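Asker: My questions concern the predicted model and sequence given below.
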Amino acid sequence: MGNSKKKLRSSPKENKEQLPAFNFGGEKSPSVREGVRPPITFGHLSPKIANGLAKNCNWGYKMKRTNTFALAPTEEQHKHLLEIADDCARLWNELNYRRRQSFFRGKINWESRDLYDKYKSVVGSATAQQIQRKNSEAWKSFFALLRLKAEGKLPPHIQRVRPPRYWKDWNSGERQLLILIRCDCYRLEAGALKLPKKLKIKWKGKPKWNGWVRQGLLTLIYDSVRQKWYARQAVEVESPHQPLSSRRAYVDLGVLELLTVVVDGERQALAYSGRRALADWWYLSHRIDGLKSVTMETNGKKTTMQIKVLFRRRTLRFRQHVNTAVRRAIERLWQEGVSEIVVGNLKDIRASVIGGRKSNAMVHNFWSHRYLAQRIREVAPEIPERAKEKDSRGIPRVLHNALKVWGCTGERRPWSSSARGLAGRPRGKSPGT
């Protein structure tokens, strides 16, 4: 009996280890398919960090990523989702209003049992629980920022600490429509997404991260501009690569050249142009300005649905250019054996810019160096590489010398006119050639 009990206790662990990685109809990775795990190497890290990573990872690094895909509900399902999302927004706003008012009176009220009982039959008990938990996390983050502000350690990009806001669009006055689904209350199959209340919705697209280790919270978002439903699935995946060596790379962020990269020991730099992104930005900005003037003259409104669509398109196009440049750069650096990336810290860089209307628009409205640095930090662990910011004055002199050699400090280079009036690099040529 004792031996049988031990076997029964150990069998779930054995079955758990033998479960195959989930895959959306694609092939498994060679390591999973052959049953061979690659070795774990953390030679470029300190022993304390390496031991912690090796203890918490099955092999390699574990990362938290998001799969985003579009939903295609029927007309009846669409109405049902709108009702659930509206009730979720009501629950968040009522709970947040109670906590905001109690906080302003001097003592926050954490009680929420009555709101849970009120909405659990409408949105589901698991969804109501997730909304309460997310609101509590937002308030705990707010109190953490208040402590940092009192200690004088507030991050420089945060100018003011505010309590959590309501799920509401302040321009239109409409509620933000979100639905939070707990990790064990949904199932993503090849052609349909199974949700509580016997909902089975078709989805489109191809998830970027397959073979995930663990699935997390599922967020359903209704985009009022596109009038479509989107799903964001939080997953935990393993890094597809390991660093080949311990070289270091230095990255300089710019407006016309989004990324300029120099690797230790190299005499040439890699430059990723942002002129195409700037051309798209100017083109869409002129269209937005023209529509704004016409709208004000005809009906006295500041915005329309067409203007909102153009603003969304301008933002997405800029982010697409940045994401493409960052991913190509980091993949190239991994091939070069880079395990650490040093990004120049451009704090207060805009304060020293004195120029005309066009240059101010390029620096203050178009350029987003913080988004560039953020994408580098987010994409680097996928290789995996470490990314950190450093004052530009502390970057070794080899970076500035390489920029001069490669013509990235203002020297004239052969440019050709592009379709939208901006200069573009001739095909087949690199900077400095």
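Answerer: Perfect, thanks for sending it. Note that the structure is predicted; figures quoted are calculated from it, not measured.

Asker: Contacts for the helix or strand encompassing I201 next, please.
Answerer: For I201, the enclosing helix or strand under DSSP states H and E is strand 199-204. Outside strand 199-204, the residues within contact range by Cβ atoms under 8 Å, 6 or more residues apart in numbering are 69-73, 77, 80-81, 188, 191-195, 229, 231. Yep, even glycine has a C-beta here, placed from its N, CA and C like the rest.

Asker: Just name the closest of those to E151, please.
Answerer: Minimum separation from E151 among these (Cβ to Cβ) is found for A231, which lies at 39.4 Å.

Asker: List the beta-bridge partners for that closest one.
Answerer: F69, L220 (DSSP bridges).

Asker: Give me the number of neighbouring residues for it.
Answerer: Here the neighbour count serves as a burial measure; for A231 (other Cβ atoms under 10 Å) it reads 23.

Asker: likewise N93?
Answerer: Using other Cβ under 10 Å, N93 has 17 other residues around it.

Asker: Begin at 59, not 1, for the rest of this chat.
Answerer: Okay, residue one is now 59; in that scheme the one you just asked about reads as N151.

Asker: Need the three-state assignment for the closest residue to it other than its chain neighbours.
Answerer: In space, not counting the residues next to it along the chain, N151 is nearest to Y224; the distance is 4.8 Å by Cβ to Cβ, 6 or more residues apart in numbering. Under the three-state scheme (DSSP: H, G, I helix; E, B strand; the rest coil), Y224 adopts coil.

Asker: can you check W270 too?
Answerer: coil.

Asker: in the protein, what spans have low per-residue confidence?
Answerer: Judged by pLDDT under 70, the chain has its weakly predicted residues at 59-119, 298-302, 405-406, 410-412, 441-491.

Asker: can I see the domain layout of it?
Answerer: Residue ranges for the structural domains of the chain, counted by automatic domain parsing, are given in the record as 77-118, 127-296, 305-482.

Asker: Show me what counts as buried in stretch 335-346.
Answerer: Residues of stretch 335-346 classed as buried by neighbour count (16 or more other Cβ atoms under 10 Å): 335-343, 346.

Asker: would you turn those into CSV with secondary structure?
Answerer: Rendered in CSV, the data for those read as follows (three-state DSSP):
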residue, secondary structure
A335, helix
L336, helix
A337, helix
D338, helix
W339, helix
W340, helix
Y341, helix
L342, helix
S343, helix
I346, helix
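
Asker: Make TSV from those residues and add distance to L203 to it.
Answerer: Shown next, in TSV, are the buried residues of stretch 335-346 (distance: Cβ to Cβ, whole Å):
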residue	distance to L203
A335	32
L336	34
A337	39
D338	35
W339	32
W340	37
Y341	39
L342	35
S343	34
I346	34
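
Asker: Tell me which stretches of this structure form strands.
Answerer: With DSSP state E as the criterion, the chain has strands at 120-130, 236-239, 245-246, 250-253, 257-262, 272-281, 286-296, 305-311, 315-321, 328-331, 396-403, 444-449, 474-475, 481-482.

Asker: Now K350: closest residue in space that isn't a chain neighbour?
Answerer: I365 (6.5 Å).

Asker: Distance-wise, check that neighbour relative to L328.
Answerer: From I365 over to L328 the distance is 38 Å, taken as Cβ to Cβ, to the nearest Å.

Asker: Which residue of these two possesses the greater neighbour count?
Answerer: Set I365 next to L328 and count neighbours by other Cβ under 10 Å: L328 wins out with 21 against 17.

Asker: Please name the bridge partners of that one.
Answerer: With DSSP bridges applied, L328 shows beta-bridge pairing to V319.

Asker: so it touches D310, yeah?
Answerer: No: with contacts defined as Cβ atoms under 8 Å, L328 does not count as touching D310, sitting 10.8 Å away.

Asker: quick one: common contacting residues for the two?
Answerer: Counting by Cβ under 8 Å, 6+ apart, the contacts common to L328 and D310 are 317-319.

Asker: Turn the residues you listed into TSV, including distance to Q190 and neighbour count.
Answerer: As requested, the shared contacts of L328 and D310 are exported to TSV (distance: Cβ to Cβ, whole Å; neighbours: other Cβ atoms under 10 Å):
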residue	distance to Q190	neighbour count
L317	42	23
T318	47	23
V319	45	22
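
Asker: could you redo the residues you listed as TSV and give each row distance to E232?
Answerer: As requested, those are arranged in TSV below (distance: Cβ to Cβ, whole Å):
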residue	distance to E232
L317	39
T318	43
V319	44
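
Asker: closest to R375 out of the strands of the chain?
Answerer: Taking the strands of the chain one by one with Cβ to Cβ, strand 315-321 is closest: 13.5 Å.

Asker: Which other helices and strands does the closest one contact?
Answerer: strand 305-311, strand 328-331, helix 363-393, helix 455-463 (3 or more Cβ pairs under 8 Å, 6 or more residues apart in numbering; DSSP states H and E).

Asker: So which of these is the most surrounded?
Answerer: Here the criterion is mean neighbour count by mean count of other Cβ atoms under 10 Å, and of these the winner is strand 305-311, at a mean of 22.

Asker: Which strands border that strand, and is each parallel or antiparallel?
Answerer: By DSSP bridges, strand 305-311 pairs with strand 315-321 (antiparallel), strand 396-403 (parallel).

Asker: Distance to S230 for the ones you listed - can I get that in a markdown table?
Answerer: As requested, the strands paired with strand 305-311 are exported to a markdown table (distance: least, Cβ to Cβ, whole Å):
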| stretch | distance to S230 |
| --- | --- |
| strand 315-321 | 34 |
| strand 396-403 | 38 |
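
Asker: Between the ones you listed, which one is closest to T185.
Answerer: Between T185 and those, the tightest spacing by Cβ to Cβ is seen for strand 396-403, at 39.2 Å.

Asker: what angle sits between that closest one and helix 363-393?
Answerer: What separates the directions of strand 396-403 and helix 363-393 is an angle of 130 degrees, with axes from the mean of the first three to the mean of the last three Cα atoms, to 10 degrees.

Asker: can you give me how far strand 396-403 is from the chain middle?
Answerer: Centroid separation for strand 396-403 versus its chain: 19 Å, with Cα atoms, centre = their mean, to the nearest Å.
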